[in-house]
Every structure is written in structure tokens, then in C-alpha cells.
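Asks: I need the structure of the sequence given here:
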Amino acid sequence: MSTRALIILHPGFEEIEAVTPIDLLSRAGVEVVQAALDDSRFVTGRSGISLQATHRLVDVAEDIFDAIILPGGPGIMQIRKHPLICKLLQQQQAANRLIGCICAAPLLLLDASQTAGLRYTCHPSVEDQLTEAIDAAVVQDGNIITSRGAGTATEFALQLVSQLTDQVTADTIAESICLVR
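Replies: Numbers count the residues shown, from 1 in each chain. Below is the predicted model:
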């Protein structure tokens, strides 16, 4: 059985925060299911770039994924407290499977009641709501990985790769894309 990750594409997502994990996880041999939150599989990000999702979220919501990943972007504010996303995050946490949230997406962890006692980071624009956030590019606490924003998307994606595969794979990918560390 192959390793599978779900990335949820919502209107107004930050394109770099979605495409970078999709690309690097795919390079690592992880099957990345790209799920549109709405009925249309075409989802437009914050900069007007549209991606075609592989699925609609409602069609894969009952599937089991090794990771659920949420990109941030201004669209997060429109999906706050989304019942299906909150349910999926709660189920993923209860099963101790990986969760990745970048930029403003940790707000959905808050909405799903998953931040108590958690070490996490987020975009500075939402620190007033996520008052326990720490200033770090990427933070992993147990099975939850959080990151600051578009500028940290590669580090975030490589941390996901290391957790879903291994550190050697993450290092090999980092070298192949000429990442200077």
C-alpha cells in the first residue's frame, strides 16, 4: 500500500504553499490527492492561478490518508470552522496521522480544537488569534507540522517528506532542487 497525502485546495489558497508540497511529495513517491473544497475541481488561488484538483473533498472524505495538508492564503478566512475540515482534522489527530498546516491554516487547527498544548507556528497576520504561536519557520509537535508562509513552503514540504518517507529521501530531494541550507 502506497503512502497517501491529501491536500485540500480552497478558493483563495496560497499557490506556493500548495504546489510546493504537491511537487516535493510526488518526487518522494507519495501519492498526493488534491481535493477541491467545492463542487468544481478547478480552484483559483490568491494570485489568480487555477489548479485542477484530482478529486472533490466530499468524494474522498471517508478515505484514510497518511497526511492531511492545508495551505494557507486569504481564503482561509472564508472556510473557518468548516465542519468537514474540522472533522477530518479531528479524526486524523485521533489516529495519530500526520497533519500539515502552513500560513493561516493553523486557524483550522484552532477551529478543530487541536491547539491546546501544541507547539506551533503561523503567519504573523494571524498571531493575534493564535496567541501561543512561536516564531520559527517550521515547527513539528508530534504528528502536527506547521509553518509560517510562502517563504517557508520548501522547508515545510521537506519536513512532510521526511516524516512520510525518511530523512535521506528529503535530503536527496533538497539536493536535487539545489536547495541551499
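
Asks: As a check, name the ranges of all strands in this protein.
Replies: Listed in chain order, the strands of the chain (DSSP state E) span 4-9, 31-36, 42-44, 50-52, 55-56, 67-70, 98-102, 138-141, 144-147.

Asks: and these as CSV, adding distance to Glu17 and mean neighbour count?
Replies: For glycine as for every other residue, the C-beta is placed from the backbone atoms N, C-alpha and C. Output for the strands of the chain, formatted as CSV (distance: least, CB to CB, whole Å; neighbours: other CB atoms under 10 Å):
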stretch, distance to Glu17, mean neighbour count
strand 4-9, 10, 24
strand 31-36, 13, 20
strand 42-44, 13, 17
strand 50-52, 12, 14
strand 55-56, 19, 16
strand 67-70, 9, 26
strand 98-102, 5, 27
strand 138-141, 12, 18
strand 144-147, 8, 27
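
Asks: mind listing what the residue nearest to Val58 when sequence neighbours are not counted touches?
Replies: Distances taken as CB to CB, 6 or more residues apart in numbering place Leu84 nearest to Val58, at 7.3 Å, with adjacent residues excluded. Remark: with contacts taken as CB atoms under 8 Å, 6 or more residues apart in numbering, Leu84 is in contact with 57-58, 61.

Asks: just Ala105 next, same as before
Replies: 17, 70-72, 76, 122, 146 are the contacts of Ala105 under CB under 8 Å, 6+ apart.

Asks: got a list of what the closest residue in space to it that isn't next to it in sequence touches?
Replies: Excluding the flanking residues, the one nearest Ala105 by CB to CB, 6+ apart is Leu70, at 3.9 Å. By CB under 8 Å, 6+ apart, the residues touching Leu70 are 7-8, 85, 100-102, 105, 108.

Asks: and which of those residues is nearest Ile173?
Replies: Among the contacts of Leu70, Gly100 lies closest to Ile173 (CB to CB), at 15.9 Å.
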